[in-house]
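Visitor: Turn this into a structure:
(one chain, ligands or ions: 1)
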Amino acid sequence: MKTFSNPAIHFHNITLKIDNRTIINNVTGSFPEGKITTLVGPSGAGKSTILKLCNRLISQSSGELYIAGQAIEHYNPIDLRRKVGIVLQSAPMIKGTVFDNLNLPRVLQNSSLSTEEAVSILADVGLDDTFLQKDASSLSGGQKQRVSIARTLVNDAQILLLDEITSALDHNAVKEIENLILHINNKHGVTIIWITHNLQQATHVGHYMWVLMDGELIEAGNSNLLLHSKNKKVQLFMNGGV
Ligand SMILES: Nc1ncnc2c1ncn2[C@@H]1O[C@H](COP(=O)(O)OP(=O)(O)OP(=O)(O)O)[C@@H](O)[C@H]1O
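Guide: Alright, predicted model coming up:
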């Protein structure tokens with residue numbers, strides 16, 4: 001299996017068992033720093049569980065997980081979740097304005113975001129300053145997704161975990177969010193780990209890819225992997241057979 005010289009995250013023989021059931025089975029592999037890795041595989045393969053392991057929402061039963069070369073257990077959970085941000089399909093917002101939502105990470109640290117910082121971060125996600133005082137509940141799905149991504153920029157996250165962030169959006173919004181993630185990856189060098197069910201999206205936005213099935217890492221490599229894989233299971237998945 002291909003390894004990367006400079007991994008942002010490295011899994012070494014990671015196994016997760018819940019109630020005696022193996023959810024993740026002896027996974028060894030890396031997410032390269034500053035690159036976009038997509039996670040693909042059938043429903044129930046363990047993709048979301050891999051993300052949860054990366055920010056310690058759950059802990060492995062055995063094996064070692066390294067974030068920027070340090071064992072994950074060495075990080076304080078709050079610092080870890082600032083460094084490793086997560087964006088979900090549902091883009092949850094707190095009640096209040098867009099500013100309140102952007103300011104949330106700072107409030108949790110007993111400080112506050114300045115208006116200038118908020119405007120600059122909003123601009124980074126393609127929203128102008130008129131959005132600051134808008135009620136977050138009035139935003140479209142794509143705009144909420146932008147605000148959730150902006151919240152991770154407030155924390156200066158170096159790694160972003162994206163769990164099917166475009167699957168509830170229409171075609172235009174999907175393209176806009178894809179371009180935004182490519183921009184954040186390019187401009188800020190943020191490492192991206194992106195779960196998607198859209199195989200076309202996986203091959204065109206990602207540099208690298210992990211294919212997961214039944215809790216196992218079946219293949220990892222360049223993002224055109226799916227198109228050229230000799231692995232029969234990957235071919236079957238690719239053709240909609242799994
Ligand atoms: N907390 C939990 N307790 C028990 N089983 C769990 C738990 N979390 C996940 N699982 C099981 O682990 C397996 C992997 O789930 P996971 O959500 O990681 O899959 P996935 O590949 O993200 O699926 P999908 O594409 O449908 O979102 C599933 O069979 C799921 O039922």
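Visitor: Give me the pLDDT value at Phe4.
Guide: pLDDT for Phe4: 50.
Visitor: Pick out the residue nearest the middle of the protein.
Guide: Nearest to the geometric centre of the chain sits Leu161, at 1.7 Å (CA atoms, centre = their mean).
Visitor: Please tell me how far it sits from Leu236.
Guide: Remark: distance between Leu161 and Leu236 (CB to CB, to the nearest Å) = 27 Å. Backbone N, C-alpha and C define where each C-beta goes, glycine included.
Visitor: Check His171 too.
Guide: Note on His171: its distance to Leu236, by CB to CB, is 28 Å.
Visitor: Those two: which has the busier surroundings?
Guide: Set His171 next to Leu236 and count neighbours by other CB atoms under 10 Å: Leu236 wins out with 13 against 8.
Visitor: mind checking which helix or strand that one is in?
Guide: Assigned by DSSP states H and E, Leu236 falls within helix 232-238.
Visitor: List the buried residues in the lowest-mean-pLDDT helix or strand in the chain.
Guide: Sorting the helices and strands of the chain by mean pLDDT, DSSP states H and E puts helix 225-228 at the bottom, at a mean of 81. Across helix 225-228, burial judged by 16 or more other CB atoms under 10 Å covers 225-226.
Visitor: Could you do stretch 164-172 as well?
Guide: Buried-residue list, stretch 164-172, by 16+ other CB under 10 Å: 164-166, 169.
Visitor: and what of stretch 19-32?
Guide: Across stretch 19-32, burial judged by 16+ other CB under 10 Å covers 23-25, 27, 29-32.
Visitor: Can you give the contact residues for it?
Guide: With CB atoms under 8 Å, 6 or more residues apart in numbering as the test, stretch 19-32 has contacts from 1, 3-4, 6-17, 37, 46, 49-50, 53, 60, 63, 159, 191, 193, 207-208, 210, 214-217, 220.
Visitor: Give me the buried entries from those.
Guide: 4, 7-11, 14, 16, 37, 46, 49-50, 53, 60, 63, 159, 191, 193, 208, 210, 214-217, 220.
Visitor: export the buried residues of stretch 164-172 to CSV and tack on distance to Gln143, pLDDT and secondary structure?
Guide: As requested, the buried residues of stretch 164-172 are exported to CSV (distance: CB to CB, whole Å; pLDDT from 0 to 100; DSSP: H, G, I helix; E, B strand; the rest coil):
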residue, distance to Gln143, pLDDT, secondary structure
Glu164, 18, 95, coil
Ile165, 13, 94, coil
Thr166, 13, 94, coil
Leu169, 10, 90, coil
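Visitor: could I get stretch 95-114 in CSV with only the CA atoms?
Guide: Extracted as CSV, the C-alpha positions of stretch 95-114 are listed here (Å, rounded to 0.1, in the frame of the first residue of the first chain):
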residue,chain,number,x,y,z
LYS,A,95,-29.8,30.5,16.9
GLY,A,96,-28.8,34.1,16.0
THR,A,97,-27.0,35.9,13.3
VAL,A,98,-24.2,34.8,10.9
PHE,A,99,-21.8,36.8,13.1
ASP,A,100,-23.0,34.9,16.2
ASN,A,101,-22.3,31.6,14.4
LEU,A,102,-18.8,32.8,13.3
ASN,A,103,-18.1,34.0,16.8
LEU,A,104,-19.0,30.7,18.5
PRO,A,105,-15.5,29.2,18.5
ARG,A,106,-14.2,32.5,20.1
VAL,A,107,-17.0,32.6,22.7
LEU,A,108,-16.0,29.1,23.7
GLN,A,109,-12.5,30.5,24.3
ASN,A,110,-13.8,33.5,26.2
SER,A,111,-12.9,35.9,23.5
SER,A,112,-14.6,37.6,20.6
LEU,A,113,-14.1,37.9,16.8
SER,A,114,-13.7,41.5,15.6
